[in-house]
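# need coordinates for the following:
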Amino acid sequence: MHRSLCILSAAVLLAAATIAAAQPNQVIPAAANTAAAPAPGRPVIFDFKDLGDCTADTGLTAQQEYCQTSASLTKPGQAHWYRFNVLEEQSALTLHFLITTQNGRVRMGLWLPGHSLEEQPSVTAETLLASSFAQELYITIPAAQLFHSPGIYTLQVMTEYGAPQYVLRADMTPATTLLADADRQAIKQVVKDCCTDLNGLVCNRLNIGIDAQDIDSDLCHTGPIQCDRDGHITDLVLQGTNGDQDLTCPGFSAGFAQLPSLRRLDLAGAHLGADLPTIAQALAPATKLQWLVLRTANIVGQLSCDIILPSLQLLSLTRNSLTGTIPDCYTKTTTLKHLYLSDNSLSGPLPDFTSESSLELLFARDQQVEDKPSMTGGFPAGLASAGNLRYLQLSNVGLSGAIGELPAGLKYFNISANAFQGPIPSFSTELVSLDISANKFTGTLPSDMSAYANLVDIQAFSNGLEGPLPAKMPPHLVQLAVSGNKLSGPMPALPRGIKYVSVAENGLEGNLPDGPGASSIWFVSTAHLPKYQAPDGVCLVSSWTCPGHF
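Next comes the predicted model:
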């Protein structure tokens, strides 16, 4: 275990020991406040937040449709806690938690009534969607379990990486809600078209669900599938593992679009075997569809514009067998917000953007043909006008050239393992993560980066950068990797909370200063700083290998 994680875990246990376990049926006060101030130097662990009406002292009821809140975590290891009450007489409901993050990743865990917070969570979140700086996690407590476990529930959301902004939503599905007849017929069509083997996990669940007469196996109470109050499926998540028994739909299925309230369709890991025009035609009647996840779904052919359905906001086509160029309808879209195209064999240039583009996130890393990066050219001239773009991941795709002006609101920028050259471009002070490693950049780093209050990660190794490191570092920097450049001069003071420092293979001189962050480091790569003595628990090496940590 990392030295820093050991310290954090000990702090959690020590703080948790001060809070008595809640008794069943206990009523908590509304708007619970932050726990008592910790001892000097100890992080605030129990930071209790409100989750709308879900923290009211009357407890959760089936009359509530959902509760929602949004918040931000700004420090490594910081956690928010939510407590809510489930009274025995109000427990006839299924409870779904969904958390969506940007700017970083979180962990989410739930403690059932009577379970000690000194122990691991009773339930940990499962992943719906995950990338470097955006994710979706969920927890479902079925009605049958909730009925037998009334009392105080405690939910924790903790920073895993970055400075995550999140939206946390709790949906309550009454036990009286069962799958609507129209949706039952639609799922029967899906089973007919896509389930050649009913022994597979997904197909078996669907087959049982369409004949269910009670909440124990009804699809509306089977997470992460969700229904509205009328029993119409809103979120159909059927993630597989690309196994022989997973969904196999070579011609897709018209049954998906026959679900009248469908807003989210996730078929990651299915054996679709279809091309995008076929899928788009089948889904055209799904006029409410907002999220379409077809990751690792054996999709073949080229990108087509018709898959960007009018209401679609997120499209994931990661890890398929897509070829050809990226049409400009993908970058000039006025409806799509999140686009995932990574791990395909796309080629040609990156299409241009316009100021009307609605894209906030574009992840298209690792485009290769015959094991070589397959895209060409550099950034298009209109990229700077993409005012909504916040997250851009284009590592290892084959782009090159100098970089001009970038979108003003970028928070995540990763163009590693390409052939970009020239000076490092200017970035917005909203930047959270920067990775320009393994390119051909020259010139110097900014001398003062103290205004980058949100920047936690700088990866700039294996370039041709010269001059000193910034005299003033970003105040919340966690990782600094600049090895393999031509940097020179003394090591500056490091910010408090930094964990990873790699400065080997440069011309830097002197000792690593004792600044505020020196005691928190657990990995240092410091070739050419021979006098540096590592504190206890710090792994000091002159290469990328650190036994016991990686």
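# doesn't residue 472 make contact with residue 446?
No. Applying Cβ atoms under 8 Å as the test, residue 446 and residue 472 come out as separate, 9.1 Å apart. All C-beta atoms are positioned from the backbone trio N, CA, C, and that covers glycine.
# now the helices for the stretch 251-400 of the chain?
Along the stretch 251-400 of the chain, counting by DSSP state H, counting those that start in this stretch, helices occupy 276-283.
# next one: the stretch 51-200 of the chain
Using DSSP H, counting those that start in this stretch, the helices of the stretch 51-200 of the chain run over 143-147, 181-194.
# comparing those by mean pLDDT, which bottoms out?
Lowest mean pLDDT within the helices of the stretch 51-200 of the chain: helix 143-147, at a mean of 87.
# dump the C-alpha coordinates for that one into CSV.
As requested, the backbone C-alpha atoms of helix 143-147 are provided in CSV (Å, rounded to 0.1, in the frame of the first residue of the first chain):
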residue,chain,number,x,y,z
ALA,A,143,-36.9,-3.2,-2.5
ALA,A,144,-36.7,-6.7,-1.0
GLN,A,145,-33.4,-5.7,0.7
LEU,A,146,-34.5,-2.3,1.7
PHE,A,147,-37.6,-3.6,3.4
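# any weak-confidence spans in this structure?
Residues of the chain meeting the criterion pLDDT under 70: 1-46, 57-58, 244-245, 510-550.
# what's the single longest strand in it?
Ranked by residue count, the top strand of the chain under DSSP state E comes out as strand 151-174.
# can you list the strands that that one pairs with?
Here strand 151-174 has these sheet partners by DSSP bridges: strand 66-72 (antiparallel), strand 79-86 (antiparallel), strand 93-111 (antiparallel).
# what's the helix or strand for residue 203?
Residue 203 is part of helix 201-210, with elements assigned from DSSP states H and E.
# residue 93 touches residue 62, doesn't it?
Yes. With contact defined as Cβ under 8 Å, residue 93 counts as touching residue 62 (4.5 Å).
# give me the common contacts of those two.
Jointly contacting residue 93 and residue 62 under the rule Cβ atoms under 8 Å, 6 or more residues apart in numbering are 172, 174-175.
# out of those residues, who's nearest residue 315?
Nearest to residue 315 among the shared contacts of residue 93 and residue 62: residue 172, at 29.3 Å, using Cβ to Cβ.
# show me where the stretch 251-400 of the chain has strands.
With DSSP state E, counting those that start in this stretch as the criterion, the stretch 251-400 of the chain has strands at 264-266, 291-293, 300-302, 314-316, 321-324, 338-340, 345-346, 361-363, 368-369, 372-373, 391-393, 400-401.
# next secondary structure after the last one?
This means strand 400-401. Heading C-terminal from strand 400-401 (DSSP H and E), you reach strand 412-414.
# now do the end-to-end distance for stretch 123-142.
Distance between the two ends of stretch 123-142: 12 Å, counting by Cα to Cα, to the nearest Å.
# what about residue 464, neighbour count?
13 (other Cβ atoms under 10 Å).
# swap that for residue 92, please
With other Cβ under 10 Å as criterion, residue 92 counts 15.
# so what's it closest to, chain neighbours aside?
In this structure, residue 92 finds its nearest non-sequential neighbour in residue 175, 4.0 Å apart by Cβ to Cβ, 6 or more residues apart in numbering.
# and if you look at residue 418?
Closest to residue 418 by Cβ to Cβ, 6+ apart is residue 399, at 4.8 Å.
# how many residues are close by that neighbour?
Using other Cβ under 10 Å, residue 399 is surrounded by 22 other residues.
# do residue 76 as well
Going by other Cβ under 10 Å, the residues that sit close to residue 76 add up to 22.
# got the contact list for it?
4, 159, 456, 478, 497, 499 are the contacts of residue 76 under Cβ under 8 Å, 6+ apart.
# what's the distance between the residue nearest to residue 418 and residue 283?
According to Cβ to Cβ, to the nearest Å, residue 399 and residue 283 sit 32 Å apart.
# still on that earlier bit, CSV for the strands paired with strand 151-174, including mean neighbour count and distance to residue 218?
Shown next, in CSV, are the strands paired with strand 151-174 (neighbours: other Cβ atoms under 10 Å; distance: least, Cβ to Cβ, whole Å):
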stretch, mean neighbour count, distance to residue 218
strand 66-72, 15, 19
strand 79-86, 22, 20
strand 93-111, 23, 9
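# do you know how far residue 275 is from residue 302?
Noted for residue 275: a distance of 8 Å to residue 302, by Cβ to Cβ.
# between these two, tell me which one has more neighbours.
residue 275 (17 against 14).
# quick check: bridge partners of the closest residue to the more buried one other than its chain neighbours?
Among residues not flanking residue 275 along the chain, residue 301 sits closest, at 3.5 Å (Cβ to Cβ, 6+ apart). Taking DSSP bridges as the rule, residue 301 bridges to residue 322.
# what's the burial count for residue 301?
Using other Cβ under 10 Å, residue 301 has 15 other residues around it.
# so who does residue 328 touch?
351-352.
# ok so, going back, quick check: angle from the helix holding residue 203 to helix 181-194?
Counting by axes from the mean of the first three to the mean of the last three Cα atoms, to 10 degrees, helix 201-210 lies at 150 degrees to helix 181-194.
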